[in-house]
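Student: I'd like to go over a predicted model; first the sequence, then the structure.
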Amino acid sequence: MNQNLILIADDDADVRDMLAVTLEAAGYRTVGAKDGHTAARIMTVAKPIGMITDVRMPSMNGMELCQLARNTPDIKDMAILMVSGNNHAYDVDAGLISGADGYLGKPLAPKALVAELQTLISRRAAG
């Protein structure tokens, strides 16, 4: 895994930029993807320690992206945080069942996002 690298998969450039600024201020390096297929290519090559993915994206949604990550040996252990404007219990359950370690609703609180991501990365690293 690529230490301190976080993949941000979101089709909204403003959200990607906000997440990148927030995470970089917390000491992480980031790489962004505007759709699921681009994120899939990046994660299999760069092998980030974590990924933040939106649920709804073009070409491959966040749930499909989570399933791909969990079924790819080199990256199956990376921390995955799903974010979405869909905060109904069904959506949260579906996100977690697809392989996400955590699920946060939008709008995002930057400090909570960083704390949640750090917790997920620590849990994954501990085994």
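Tutor: Nice, thanks for sending it over. Numbers count the residues shown, from 1 in each chain.
Student: in this protein, which spans are helices?
Tutor: For the chain, applying DSSP state H gives helices covering 13-25, 36-46, 62-70, 89-97, 110-126.
Student: for those, which one ends up most surrounded?
Tutor: Highest mean neighbour count of the helices of the chain: helix 62-70, a mean of 22 (counted as mean count of other Cβ atoms under 10 Å). C-beta here means a position set from N, CA and C on the backbone, and glycine is covered the same way.
Student: could you say what helices and strands that one packs with?
Tutor: Packing contacts for helix 62-70, counted by 3 or more Cβ pairs under 8 Å, 6 or more residues apart in numbering; DSSP states H and E, involve helix 36-46, strand 48-54, strand 79-84, helix 89-97.
Student: if we can go back for a sec, out of the helices of the chain, nearest to Val55?
Tutor: Each of the helices of the chain has some distance to Val55 by Cβ to Cβ; the shortest is helix 62-70, at 4.4 Å.
Student: What's the mean pLDDT across that closest one?
Tutor: Helix 62-70 shows an average pLDDT of 94 in the prediction.
Student: hmm, back to that, would you mind checking which of the helices and strands packed on helix 62-70 scores lowest on average pLDDT?
Tutor: Looking at these, the bottom one is helix 89-97 with a mean of 79.
Student: export that helix as PDB, just CAs?
Tutor: Output in PDB follows, covering the C-alpha atoms of helix 89-97 (Å, rounded to 0.1, in the frame of the first residue of the first chain):
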ATOM      1  CA  ALA A  89     -30.800   3.500   6.200                       C
ATOM      2  CA  TYR A  90     -31.200   1.400   3.000                       C
ATOM      3  CA  ASP A  91     -28.400   3.500   1.300                       C
ATOM      4  CA  VAL A  92     -26.100   3.200   4.300                       C
ATOM      5  CA  ASP A  93     -26.700  -0.500   4.600                       C
ATOM      6  CA  ALA A  94     -26.100  -1.000   0.800                       C
ATOM      7  CA  GLY A  95     -22.800   0.900   1.000                       C
ATOM      8  CA  LEU A  96     -21.500  -1.100   3.900                       C
ATOM      9  CA  ILE A  97     -22.600  -4.400   2.400                       C
END
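Student: what's the angle from it to strand 79-84?
Tutor: Here the directions of helix 89-97 and strand 79-84 differ by 160 degrees (axes from the mean of the first three to the mean of the last three Cα atoms, to 10 degrees).
Student: Thanks a lot, see you next time.
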